[in-house]
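Undergrad: Just a sequence and a predicted model for now, questions to come.
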Amino acid sequence: MNYKMIAIQIGEIIKWSTSVNEINRIAKAIFTFNKRSFPHDSITAVRAQLLYDWIMSLASEKMNNDERNKLIIQFCKEIAGKNNIDPVVEILSKNGLPYNLVYKDELDLFLKRDFHSEINRHCRELFLQRNYFHAVFEAAKAYNYLVKEKSNSGKDGVSLMMDVLSVSNGVLKITKCVSETDRNVQDGVKFLSSGLMQAIRNPTAHEPAITWPISKQDCLDILSFISFLFRQLDSAQYFKV
């Protein structure tokens, strides 16, 4: 574990975006030990040196390594705040901290949703990287691809969904399409699938991520929606027209 490199690199990121008081406040709320001094000739900013002292004090404490890792992750994430969280998490990951430990909060949040296996396969890593835009895009693309594959259709997007999931002549049947309820459910999945293409897949395919932002909450909700559609597709039977 390269604590020195973590301390130096994160110090460079946060030295202009926080204060001495804030660093000390967070450190004293998380750590149970006192800060020691670790002078470093290449560090000139007071706040960067202070962060370095706290992290090196943690590194020199006698404790279980798992507990030390949890404390440094908690401290660094709190120091980073919303504006610097991405580069700070990247620094932690690149300098020897276990990937799943760094992203534990995000991983727990993702796993609690119990997504369909296709969502896990295509979107988990992107979500953990906080790349919510592309996580949603990949899920929508994966659903479109699986519908095409299962229906053996050459169509795409909205036209694909409206055609292959049609009550009257669609080749993929979610229900038996005999009763009114059957037909309602079949139509509903058809229109939900078409809506996914229109409202989610198409915008993420054509708009830059920077001008079409997707929040963490929206990402989770959209992935849950697509996960529901994947589960419906699992039960779909192919009927050649």
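TA: Received, thanks.
Undergrad: what about the helices in this structure?
TA: 3-14, 20-30, 46-60, 65-80, 85-94, 99-102, 104-111, 117-128, 132-151, 157-164, 180-196, 202-206, 216-234 (DSSP state H).
Undergrad: Least reliable of the ones you listed by average pLDDT, please.
TA: Lowest mean pLDDT of those: helix 99-102, a mean of 66.
Undergrad: What residue spans form the domains of this structure?
TA: The chain breaks down by automatic domain parsing into domains covering 3-101, 111-238.
Undergrad: Of the helices of the chain, which is nearest residue 38?
TA: helix 46-60 (4.2 Å; Cβ to Cβ). All C-beta spots, glycine's among them, are computed from the backbone N, C-alpha and C.
Undergrad: Which residues does that closest one contact?
TA: The contact list for helix 46-60, computed with Cβ atoms under 8 Å, 6 or more residues apart in numbering, reads 1, 3-4, 6-8, 10-12, 14-15, 18-20, 23-24, 27, 31, 33-40, 43, 68, 71-72, 75-76, 79.
Undergrad: Apart from its neighbours in sequence, what residue is nearest the spatially most central residue of the chain?
TA: Against the mean C-alpha coordinate of the chain, by Cα atoms, centre = their mean, the closest residue is residue 127 at 1.5 Å. With Cβ to Cβ, 6 or more residues apart in numbering as the criterion, residue 127 has its nearest non-adjacent residue at 4.7 Å, and that residue is residue 135.
Undergrad: Make sure the one you found is actually in contact with residue 128.
TA: No - at 9.2 Å, residue 135 does not count as touching residue 128 under the criterion of Cβ atoms under 8 Å.
Undergrad: Of those two, give the one with the bigger neighbour count.
TA: Ranked by neighbour count (other Cβ atoms under 10 Å), residue 135 and residue 128 place residue 135 first, with 27 against 20.
Undergrad: Contact partners for the more buried one?
TA: By Cβ under 8 Å, 6+ apart, the residues touching residue 135 are 123, 126-127, 219, 223.
Undergrad: returning to what we had before: rebuild the helices of the chain as CSV, extending it with distance to residue 172.
TA: Output for the helices of the chain, formatted as CSV (distance: least, Cβ to Cβ, whole Å):
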stretch, distance to residue 172
helix 3-14, 50
helix 20-30, 53
helix 46-60, 56
helix 65-80, 45
helix 85-94, 40
helix 99-102, 37
helix 104-111, 29
helix 117-128, 16
helix 132-151, 5
helix 157-164, 5
helix 180-196, 9
helix 202-206, 21
helix 216-234, 8
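Undergrad: Which of these sits closest to residue 240?
TA: Going by Cβ to Cβ, the one of the helices of the chain nearest residue 240 is helix 132-151, 10.2 Å.
Undergrad: Buried residues, the closest one. List them.
TA: Counting neighbours by 16 or more other Cβ atoms under 10 Å, one finds that the buried residues in helix 132-151 are 132-140, 142-144, 146-148, 150-151.
Undergrad: how much does that helix deviate in direction from helix 216-234?
TA: Helix 132-151 runs at 10 degrees relative to helix 216-234, counting by axes from the mean of the first three to the mean of the last three Cα atoms, to 10 degrees.
Undergrad: now the angle from helix 132-151 to helix 104-111?
TA: Here the directions of helix 132-151 and helix 104-111 differ by 30 degrees (the same axes, to 10 degrees).
Undergrad: coming back round to it: quick check: the gap between the residue nearest to residue 127 and residue 148.
TA: According to Cβ to Cβ, to the nearest Å, residue 135 and residue 148 sit 21 Å apart.
Undergrad: can you check residue 108 too?
TA: In terms of Cβ to Cβ, residue 108 sits 34 Å off from residue 148.
Undergrad: cool, residue 80 as well?
TA: 42 Å.
Undergrad: Also residue 200?
TA: For residue 200, the distance to residue 148 equals 17 Å [Cβ to Cβ].
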